[in-house]
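**Q** sequence unavailable; structure follows:
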């Protein structure tokens, strides 16, 4: 089968890979139909690592995916051949203290699709996953929509961790890529709120306004802290940092009211980031990290199916797997107004 392998920094080769086979009674063999290019993929593509997770080449990347069931193990009851499914890319051990506590997303022995030394990614024609990771989708849902449930789950989990107050919360979202746009949608659906959103690309900010942002600003063209403070002099109740940049971390802390929370969703390129501890201490600010998601896939699929989140509007570019290098270069360089690039996988 065809698969897209990382073979070096900013290098992808389409190679033949061994056909995956059902090994356990609860396994499901999938024909992969669509894969999204994620911001975390960019770390492996451009730096070859995220923290201690270092790529050993060649390595198949990709984790935002959906496909069609080809074959099932003898104990599978929830899906059958021909069913179309969205995939949760996290495989947990089920026996560690975190799994037993219901926190499978912080499993101590987890494997994640496309994560170095854990599990080969989904940028291939076929994939085997446990039944528990396969979520049937409605007949009318496209493979692209089903694949985009995965990044939406991150946004939904981030919003849940932010513990958004109902009744007029003021919220900052720094970054208007797919995750930031998903956070915006989640916040607006959670209750009345006023959202201030920033980015460096005007087309992303235009889409944020379509998604319901009350104020948007291009941080390359204005000082977002100064502009938002002029409207909200007391500060914001909650800020989601969705860019993974030192500048947006600094801005988040400056924008918050005392005793409020910054939700750190973005993944910085460096292992360490700086925090103004004088400001954090004086304002008694809280920092909430986000580790993937927990139990949000059904909710994400329901929201997409009901038209509550227009994930199609995020998709600006489509490629086939043979053009994976082109897709990754586009996203890596933020070219051509890219918001979300999808890779279609012909069988």
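**A** Yep, it's here. Every value quoted in this text rests on a predicted model; they were computed, and no experiment measured them. Numbers count the residues shown, from 1 in each chain.
**Q** show me the shaky parts of the stretch 101-250 of the chain.
**A** Applying pLDDT under 70 to the stretch 101-250 of the chain picks out residues 165-166.
**Q** show me where it has strands.
**A** Taking DSSP state E, counting those that start in this stretch as the criterion, the stretch 101-250 of the chain carries its strands at 111-112, 126-130, 134-136, 169-174, 193-199, 215-218, 236-241.
**Q** what separates the last one from the chain centre, distance-wise?
**A** With Cα atoms, centre = their mean, to the nearest Å as the basis, strand 236-241 stands 19 Å off its chain's centre.
**Q** wait, which of the strands of the stretch 101-250 of the chain is closest to residue 293?
**A** Closest to residue 293 of the strands of the stretch 101-250 of the chain is strand 111-112 (Cβ to Cβ; 11.6 Å). Quick note: C-beta positions are derived from backbone N, CA and C, even for glycine.
**Q** domains of this protein?
**A** The chain is divided into the following domains under automatic domain parsing: 2-147+310-344, 153-289.
**Q** which one of the ones you listed lies nearest to residue 299?
**A** Between residue 299 and those, the shortest separation by Cβ to Cβ is 6.0 Å, and it involves domain 153-289.
**Q** need the contact partners of stretch 238-249.
**A** Outside of stretch 238-249, the residues that reach it under the criterion Cβ atoms under 8 Å, 6 or more residues apart in numbering are 39, 158-159, 162, 164-165, 169-177, 179-180, 183, 198-199, 219, 252, 255-256, 260-269, 273-275.
**Q** tell me which residues in stretch 121-138 are buried?
**A** Along stretch 121-138, these residues count as buried under the neighbour rule (16 or more other Cβ atoms under 10 Å): 121-129, 131, 133-137.
**Q** nearest to residue 296, out of the residues you listed: which one, please.
**A** For those, the residue nearest residue 296 by Cβ to Cβ is residue 135; the value is 10.9 Å.
**Q** the closest one bridge partners, please.
**A** Taking DSSP bridges, one obtains residue 86 as the residues bridged to residue 135.
**Q** ok, it - contacts?
**A** Counting by Cβ under 8 Å, 6+ apart, residue 135 touches 85, 86, 87, 88, 149, 297, 298, 301.
**Q** could you count how many residues lie near the fifth one?
**A** I take that to be residue 149. The number of residues packed near residue 149 is 30, by other Cβ atoms under 10 Å.
**Q** again, but for residue 237
**A** Using other Cβ under 10 Å, residue 237 has 21 other residues around it.
**Q** follow-up on the earlier one: possible to save the strands of the stretch 101-250 of the chain as CSV with distance to residue 318?
**A** As requested, those are exported to CSV (distance: least, Cβ to Cβ, whole Å):
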stretch, distance to residue 318
strand 111-112, 25
strand 126-130, 20
strand 134-136, 23
strand 169-174, 26
strand 193-199, 22
strand 215-218, 26
strand 236-241, 28
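**Q** wait, which of these is closest to residue 62?
**A** Comparison of these against residue 62 by Cβ to Cβ identifies strand 126-130 as nearest, at 9.6 Å.
**Q** distance from the chain centre to that closest one, please.
**A** Using Cα atoms, centre = their mean, the distance from the centre of strand 126-130 to the centre of the chain it belongs to is 20 Å.
**Q** after the helix or strand containing residue 32, which helix or strand is next? Please name it.
**A** When secondary structure is defined by DSSP states H and E, residue 32 falls within strand 27-36. Toward the C-terminal end, the helix or strand that comes next after strand 27-36 (DSSP H and E) is helix 39-46.
**Q** cool, thanks, talk later.
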